[in-house]
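[1] I need the structure of the sequence given here:
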Amino acid sequence: MKPNSLKAWNIRRLDVRAFAEAEAHWHETRSITDLERLAQECGEKNAKLPEVFWEARGEMRPGTGGTFHVWLHLRASTCVPLTCQRCLGVVEMPLVVDRWFRFVADESTAESQDDDSEEDVLSMEPRPDLLTLLEDELLMALPLVPMHEACPETPGTSAGETEVDATVPVATHPFSVLSTLKS
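    Down below sits the predicted model:
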C-alpha cells in the first residue's frame, strides 16, 4: 500500500477512482450519534451511545482486456444497545462490517452488473457518501430480533395484564357445580 498523500479526502463526496488509484486509506472513530438512523435503533435512549471504529481502503484491481477496476474495502465495528425482544431489557449487540465494493462509471452500469456478479457493485457518480454507506451496512448488520442468550431477568407484565397474587383465592367457575350433577 502506498503511503497516503497529504490530499484531504471528502468522505461525504468521495472521488472513489482517485482514492483507489492512490491506494488511500481512511480510518476514524465516530460517535453513533453521527449516524442518525442507527442511533434511532438503539434501545437505551438516555445512555451515552458507543463509538464506531471504521476504515476504508481503496485499490485498483486488474480486470479483463488490460483494464483496472475500482475497489473499496469497508470495515467497521461497534457494540450497540438494543431492546431485547424477550425481556425488554437492554442487550449489547456487537456489529461487524467487512465488505468489498466494486465501483463502475454510472448507476445504469451498476444496476446491470449487480445482479450478475457476486460482489456488490456501486456507482462512482454521483460520488458516494462513505458515512451513508457505512450506516447502511451497519443497519443491515443489525439482528432481526435482538435477544440475550439468556435473559438476566424475567419479563414483567405487559400493559393490560395483571399479576397473579398467590395469596388471593382463585374464584371458582360458575358452571363448576354442574360437574357434580353428572353423577
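[2] All the strands of this structure, in order from the start?
    Applying DSSP state E to the chain gives strands spanning 25-31, 51-62, 68-83, 90-104, 120-123.
[3] Please identify the buried residues of the longest helix seen in the chain?
    Longest helix in the chain by number of residues, with DSSP state H as the criterion: helix 130-141. Using 16 or more other C-beta atoms under 10 Å as the burial criterion, the residues of helix 130-141 that qualify are L130, L131, L133, L134, E135, E137, L138, A141. Bear in mind the C-beta positions are built from the backbone N, C-alpha and C, glycine included.
[4] The first one contacts R57, correct?
    Okay, so that is L130. No: using C-beta atoms under 8 Å, L130 is not in contact with R57; the gap is 11.4 Å.
[5] Mutual contacts of those two, please.
    Listed as contacting both L130 and R57 by C-beta atoms under 8 Å, 6 or more residues apart in numbering are W26.
[6] Report the separation between G43 and V90.
    5 Å (C-beta to C-beta, to the nearest Å).
[7] list residues touching both of these two?
    P81, L82, T83, C84.
[8] Nearest to A20 among those?
    Comparing the shared contacts of G43 and V90 against A20 with C-beta to C-beta picks out L82 as the nearest, at 34.7 Å.
[9] hey, which helix or strand in the protein has the poorest pLDDT?
    The helix or strand of the chain with the poorest confidence is helix 178-181; it has a mean of 70 (mean pLDDT, DSSP states H and E).
[10] The strands of the chain into CSV, with extra columns for mean pLDDT, distance to A150 and mean neighbour count?
    Shown next, in CSV, are the strands of the chain (pLDDT from 0 to 100; distance: least, C-beta to C-beta, whole Å; neighbours: other C-beta atoms under 10 Å):
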stretch, mean pLDDT, distance to A150, mean neighbour count
strand 25-31, 95, 30, 13
strand 51-62, 96, 27, 18
strand 68-83, 95, 16, 18
strand 90-104, 95, 11, 17
strand 120-123, 90, 36, 18
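[11] Compare those strands and give me the one nearest L38.
    Nearest of the strands of the chain (C-beta to C-beta): strand 68-83, 7.2 Å.
[12] So which elements touch that closest one?
    helix 16-21, helix 36-41, strand 51-62, strand 90-104, helix 130-141 (3 or more C-beta pairs under 8 Å, 6 or more residues apart in numbering; DSSP states H and E).
[13] Any chance of CSV for the ones you listed, columns distance to M124?
    Listed next are the helices and strands packed on strand 68-83 as CSV, based on distance: least, C-beta to C-beta, whole Å:
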stretch, distance to M124
helix 16-21, 5
helix 36-41, 24
strand 51-62, 11
strand 90-104, 5
helix 130-141, 13
